[in-house]
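>>> No sequence on hand, only this structure:
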């Protein structure tokens, strides 16, 4: 029977030789006699990380650090596990601890910079990325992550220079090609963006973000067929890492008379309001339609023709034959620029709420304009498409105009210091009757809605209400 020391020697030997199965066997033997052996726990944590079991990886590496807190690399490994679990704050804490133990670790400065950028801590992110570059001027990750921060700050020229520097150091860095494509997209250089995304996919054919970005860019250019195909490819790659939700097959878009289709939402409220326009079309094909959607939207979406049953997201629907993501419908039904479904209205306000809000808004104004100026900030959603309430000042001063605020949540605080008159509908708007139910009723008494690209604009369009959508210079494809 080998001693613990001999088992450890064999474990290290097989680990260095790349035989991880044998190494694991010897490390587990070590743990039988020394359950808290830190090196063995760390190795098993690494194996768990490689297998995608990030919770187990974090627990094992944490246990190893309890016995050996001075190992910088193990703190970094724990950070990687937390990052994979979506716990950015915990990951950043681990990376900082590793850097306290090893301040000249250039790669880890770059990694921490990337995490901090995603958390919105741009000043700290820039500092760590620049430190990584100072320590290793040719470090691709340092330049790439610095570019990400600069792009977030809207400094597109500087971001492009950083990505190009990353590519000079590592021409086959697919991520930098993809990110440079995002710069050109911000600049409105569609052809250059497409070229970069294709380069990223040439280097990394299963790169989900590059598939998504190429798809959205082609949609922006009007190439719906290829655009939706690339976008769906990105979804299918990402879905491989998720547990399968349904045993029934995915719908292929062909008629299935008498069959039942479950549609499920995967994006935000605005996209749900935009895409539910397909429900009447599907119903006309003879399919019975169940919609799994945001719980708060059930009252509003129950007004859409063609939906037989609505269930809240996460609840078990009744039996169905096939399923599809709501956002997949344009591809499945062959949508092109010339045949975008535009049979409006397809969402409706309740008559009693229309009367109630009409009485509240009754006044001498000749022109009632509903206004919105900001959506809900979300990771990855450009805030450049929002603007301030002050932008409506010129319209507010026109004779006979009444501005009515449709703004809820972030941005509504601007009303407190507004220098011109805006009718406010109260904090209870849409609280008692369901999301957008009161807003829909208010819109029926308006002459016009003015909004950036938000759910408010999608709702107005769905109801056939005149709406002006204020767009950025390089607008989203929708």
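Yep, it's here. None of these values were measured; they are calculated from a predicted model. Residues are numbered from 1 along each chain as shown.

>>> Residue ranges in the protein under the pLDDT threshold?
1-2, 4, 6-11, 13-14, 19, 24, 26, 30, 240-243, 377-384 (pLDDT under 70).

>>> top helix in it by residue count?
With secondary structure taken from DSSP state H, the chain has its longest helix at helix 224-239.

>>> In it, which residues are buried?
Neighbour counts over helix 224-239 (16 or more other CB atoms under 10 Å) mark 224, 227-228, 230-235, 237 as buried. Backbone N, C-alpha and C define where each C-beta goes, glycine included.

>>> Following the chain past it, name the next helix or strand.
Counting by DSSP states H and E, the next helix or strand C-terminal to helix 224-239 is strand 260-264.

>>> right, and residue 298 touches residue 312 too?
Yes - contact criterion CB atoms under 8 Å: residue 298 and residue 312 qualify, at 6.7 Å.

>>> What is the burial count for residue 199?
Neighbour count of residue 199, defined by other CB atoms under 10 Å: 20.

>>> The one 5 residues further on now?
The local packing of residue 204 (other CB under 10 Å) involves 18 other residues.

>>> Do I have it right that it meets residue 198?
No - with contact defined as CB under 8 Å, residue 204 does not reach residue 198; the gap is 11.5 Å.

>>> returning to that earlier point: who are the packing partners of the longest helix of the chain?
helix 208-220, helix 329-332 (3 or more CB pairs under 8 Å, 6 or more residues apart in numbering; DSSP states H and E).

>>> by how many degrees do it and helix 208-220 diverge?
160 degrees (axes from the mean of the first three to the mean of the last three CA atoms, to 10 degrees).

>>> Let me see the ranges of the helices in the stretch 351-478 of the chain.
351-361, 393-396, 437-443, 455-463 (DSSP state H, counting those that start in this stretch).

>>> Give me the buried positions along the shortest one.
Taking 16+ other CB under 10 Å as the neighbour-count basis, helix 393-396 is seen to contain the buried residues residue 396.

>>> Select, out of the helices of the stretch 351-478 of the chain, the one closest to residue 106.
Among the helices of the stretch 351-478 of the chain, the nearest to residue 106 by CB to CB is helix 455-463 (43.6 Å).

>>> List of residues touching the closest one?
268-271, 273-274, 276-277, 344-349, 370, 372, 375, 406, 436, 439-440, 443-444, 449, 451, 466-467, 469 (CB atoms under 8 Å, 6 or more residues apart in numbering).

>>> Tell me how far it lies from the chain's centre.
Here helix 455-463 is found 21 Å from its chain centre; the criterion is CA atoms, centre = their mean, to the nearest Å.

>>> Can you tell me the closest non-neighbouring residue to residue 60?
residue 45 (3.3 Å; CB to CB, 6 or more residues apart in numbering).

>>> Residue 288: neighbouring residues, count only.
Residues within reach of residue 288, counting by other CB under 10 Å, total 19.

>>> Quick one: residues contacting the closest residue to it other than its chain neighbours.
Spatial nearest neighbour of residue 288, chain neighbours left out: residue 260 (4.3 Å); criterion: CB to CB, 6+ apart. Contacts here follow CB under 8 Å, 6+ apart; on that basis residue 260 touches 287-290, 318-322.

>>> how does it look with 10 Å?
248, 287-290, 308-309, 317-323 (CB atoms under 10 Å, 6 or more residues apart in numbering).

>>> from those, which two are the most distant?
Within the contacts of residue 260, 248 and 308 form the most distant pair, 16.8 Å apart (CB to CB).

>>> Relative to residue 450, how far out is residue 386?
13 Å (CB to CB, to the nearest Å).

>>> can you list residues touching both of the two?
By CB under 10 Å, 6+ apart, the residues touching both residue 386 and residue 450 are 372-373, 470.

>>> what's the offset of the helix or strand where residue 27 lies from the middle of its chain?
Per DSSP H and E, residue 27 falls inside helix 20-33. Offset of helix 20-33 from its chain centre (CA atoms, centre = their mean): 40 Å.

>>> now do stretch 74-85
22 Å.

>>> Residue 473 touches residue 187, doesn't it?
Yes - contact criterion CB atoms under 10 Å: residue 473 and residue 187 qualify, at 9.3 Å.

>>> the more surrounded of the two?
residue 187 (15 against 8).

>>> Name the nearest residue to the more buried one, sequence neighbours excluded.
Nearest to residue 187 is residue 156, by CB to CB, 6+ apart, at 5.8 Å.

>>> burial count for that neighbour?
17.

>>> Same question for residue 137.
12.

>>> go on, residue 454?
Applying other CB under 10 Å, I find that residue 454 has 23 neighbouring residues.

>>> buried sites along stretch 452-469?
For stretch 452-469, the neighbour count (16+ other CB under 10 Å) marks 452-463, 465, 467, 469 as buried.

>>> Stretch 360-375: how far from the chain's middle?
32 Å.

>>> Can you list the buried residues in it?
So for stretch 360-375, counting by 16+ other CB under 10 Å, buried means 361, 365, 368-375.

>>> so what secondary structure elements neighbour the helix or strand that contains residue 311?
Per DSSP H and E, residue 311 falls inside strand 309-312. Applying 3 or more CB pairs under 10 Å, 6 or more residues apart in numbering; DSSP states H and E, we find strand 309-312 packed against strand 260-264, strand 288-293, helix 298-301.

>>> 7 Å instead, please
On a contact count with 3 or more CB pairs under 7 Å, 6 or more residues apart in numbering; DSSP states H and E, strand 309-312 meets strand 288-293, helix 298-301.

>>> now for the last one, which elements pack on it?
Contacting helix 298-301 under the criterion 3+ CB pairs under 7 Å, 6+ apart are the following elements: strand 309-312, helix 437-443.

>>> most tightly surrounded among those?
Stretch with highest mean neighbour count among the helices and strands packed on helix 298-301: helix 437-443 (a mean of 25; mean count of other CB atoms under 10 Å).

>>> mind giving me the domain ranges of this structure?
260-339, 351-469 (automatic domain parsing).

>>> nearest to residue 145, of the ones you listed?
domain 351-469 (16.0 Å).

>>> chain center to the closest one, what's the gap?
Here domain 351-469 is found 25 Å from its chain centre; the criterion is CA atoms, centre = their mean.

>>> count of residues packed around the nearest residue to residue 237 once chain neighbours are set aside?
In this structure, residue 237 finds its nearest non-sequential neighbour in residue 208, 4.2 Å apart by CB to CB, 6+ apart. Residues lying near residue 208 (other CB under 10 Å) number 17.

>>> Please name the residues that touch residue 208.
234, 237-238 (CB atoms under 7 Å, 6 or more residues apart in numbering).

>>> now swap in residue 265 and tell me
Residues in contact with residue 265 (CB under 7 Å, 6+ apart) are 272, 292-294, 313, 326.

>>> Distance of it relative to residue 68?
For residue 265, the distance to residue 68 - CB to CB - is 47 Å.

>>> next one: residue 206
Taking CB to CB, one finds residue 206 at 36 Å from residue 68.

>>> out of these two, which sits in the more crowded spot?
Using other CB under 10 Å, the more surrounded residue of residue 206 and residue 68 is residue 68, with 14 against 11.

>>> close enough to count as contact, the more buried one and residue 38?
Yes - counting by CB atoms under 7 Å, residue 38 is a contact partner of residue 68 at 4.1 Å.

>>> all helices for the stretch 51-200 of the chain, in order.
Counting by DSSP H, counting those that start in this stretch, the stretch 51-200 of the chain has helices at residues 54-67, 72-84, 88-101, 106-118, 122-135, 140-152, 156-169, 174-186, 190-203.
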